[in-house]
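> Let me see the structure of the following:
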Amino acid sequence: MIKKISLYFTALIFLFTTIGVASAVTLKASHQWPGTKRSDGKYDVRHEMVMIIQQEVEKANVDLEIIIYPAKSLFKPKEQWKPMTTGQLDISAFPLGYAAKFHPEFDITLMPGTVKNHKHALRFNKSPMMEEIKKIINDAGVMVLSDAWLGGGFASKTKCIKSPADVKGQVMRAAGKAFNQMLEAAGAGIQSMASSEIYTGLQTGVLTGANTSSGSFVSYKIYEQVKCATPPGKYGLWFMYEPILMSKQSFDALNSKQQKAILKAGKKAEKFMTKEAAGLDTTFEETYKNAGVELAYMTEDDFNAWVEIAKKSSHKAFADKVSGGQRLIDMALSVK
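Numbering: from 1, shown residues only. Reported below is the predicted structural model:
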């Protein structure tokens, strides 16, 4: 009898241990930015957002682990969207415009002259336009854990870029179709590539200039390859939506405690980004100044000249080619 009881309790212990192991879940998080600290002792802010989610989930003690694969070590930057829609990739810090070839509406999240500054970007998050964009994201099988907008600017090996005339004859990298169209209309040649490839493009002469986010300008040490940089300043032409995204298939596979923990962690990462965003522009300025790079700033007239070109090029192309495109443009321009 004692032997049977002992075997019964042994079986119970094994059962509960097995259940505990089975419920533990490991998620894969991918992004393109460095996973090591910069010379200023800080991580790229997008890597740090994913780290916050990783750490907060660990603190929640809900049998959920997140392994981060930085520096495009798991997927190439523009190849992360489709794996998220199928559950092959769980989480990504992802510039949404990279998925515009699947959902052309996403180009509105990197459209010249729509988002003007960081406070304006926060109002975009709650706008009807972003509600529509998030519905497209959700319908594709992906969800937003953390909103994030990054400001950015220009840099060149040959001359300072302020007005449209300054890019004429240059070979530029832009993050998305809308900026490509605007820059082409201003007389620039275009080479498309991820921000992680700008340094090599400049180094090898494939590019003479680029535009990207303030964070990427610093993290990828582009200051080593350029003569002049144009930070966002008072008139920011370049703002890009770079949220933390999660596969809905992966999220739905979690239990309720795990889901609650990761949603809460996502909100904490978003608050961190909101606080840090404007500081990235300051870091951009300081880093480039300390590296001996000349800094230039757009005037209001420069900004307005770019917007006029954008209206005739990227805004018009978006309205003509994307279903409901003009309505999205109007919705974006209506955010005050």
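> residues contacting Pro231?
Counting by C-beta atoms under 8 Å, 6 or more residues apart in numbering, Pro231 touches Gly153, Ser214, Asp281, Phe284, Glu285, Tyr288, Leu295, Tyr297. (Each C-beta comes from the backbone N, C-alpha and C, glycine too.)
> at 6 Å what do you get?
Contacts for Pro231 (C-beta atoms under 6 Å, 6 or more residues apart in numbering) come out as Gly153, Asp281, Phe284, Glu285.
> so how far is Leu280 from it?
10 Å (C-beta to C-beta, to the nearest Å).
> which sections of this protein are below the confidence cut-off?
1-23 (pLDDT under 70).
> how about the helices in this protein?
According to DSSP state H, the chain carries its helices in the segments 2-23, 45-60, 81-86, 118-125, 128-139, 177-185, 198-204, 214-219, 248-252, 256-290, 300-310, 316-321, 325-333.
> Distance from the chain centre to the fourth one, please.
Taking C-alpha atoms, centre = their mean, to the nearest Å, one finds helix 118-125 lying 15 Å from the centre of the chain it belongs to.
> Same question for the longest one.
Between the mean C-alpha location of helix 256-290 and the chain-wide mean there is a distance of 11 Å, by C-alpha atoms, centre = their mean.
> Could you list every helix and strand in contact with that helix?
helix 45-60, strand 142-146, helix 214-219 (3 or more C-beta pairs under 6 Å, 6 or more residues apart in numbering; DSSP states H and E).
> The ones you listed: which one's closest to Ile136?
For Ile136, the closest of the helices and strands packed on helix 256-290 is strand 142-146, at 9.4 Å, according to C-beta to C-beta.
> partners of that closest one, with directions?
With DSSP bridges as the test, strand 142-146 is paired with strand 244-247 (antiparallel).
> can you pull the alpha-carbon coordinates of the strand it pairs with into CSV?
Below are the C-alpha coordinates for strand 244-247, written out as CSV (Å, rounded to 0.1, in the frame of the first residue of the first chain):
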residue,chain,number,x,y,z
ILE,A,244,7.4,46.8,-32.3
LEU,A,245,5.3,44.2,-34.0
MET,A,246,4.2,40.7,-33.0
SER,A,247,2.8,37.8,-34.9
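> which residues make contact with that strand from outside it?
The contact list for strand 244-247 (C-beta under 6 Å, 6+ apart) reads Met49, Met84, Gly87, Asp90, Ile91, Ser92, Ala93, Phe94, Val142, Met143, Leu145, Ser146.
> on that earlier part again, which of the helices of the chain sits closest to Thr158?
Here helix 198-204 is closest among the helices of the chain (C-beta to C-beta), at 10.6 Å.
> Determine how far the closest one lies from the middle of the whole chain.
Taking C-alpha atoms, centre = their mean, one finds the center of helix 198-204 at 21 Å from the center of the full chain.
> Please identify the buried residues of that helix?
By neighbour count on 16 or more other C-beta atoms under 10 Å, the buried set for helix 198-204 is Ile198, Tyr199, Gly201, Leu202.
> Need the contact partners of it.
Arg173, Met193, Leu207, Ala210, Tyr220, Ile222, Gln225.
> And the residues you listed, which two are furthest apart?
Longest span within those, C-beta to C-beta: Met193 and Gln225, 13.9 Å.
> Give the residue from these two that has the larger number of neighbours.
Set Met193 next to Gln225 and count neighbours by other C-beta atoms under 10 Å: Gln225 wins out with 20 against 17.
> who's in contact with the more buried one?
Leu202, Gln203.
> Got the phi and psi for it?
phi -120, psi 0 (degrees, to the nearest 10).
> try the one 10 residues further on
Summarising the backbone geometry of Tyr235 under the convention degrees, to the nearest 10, its torsions are phi -120, psi 90.
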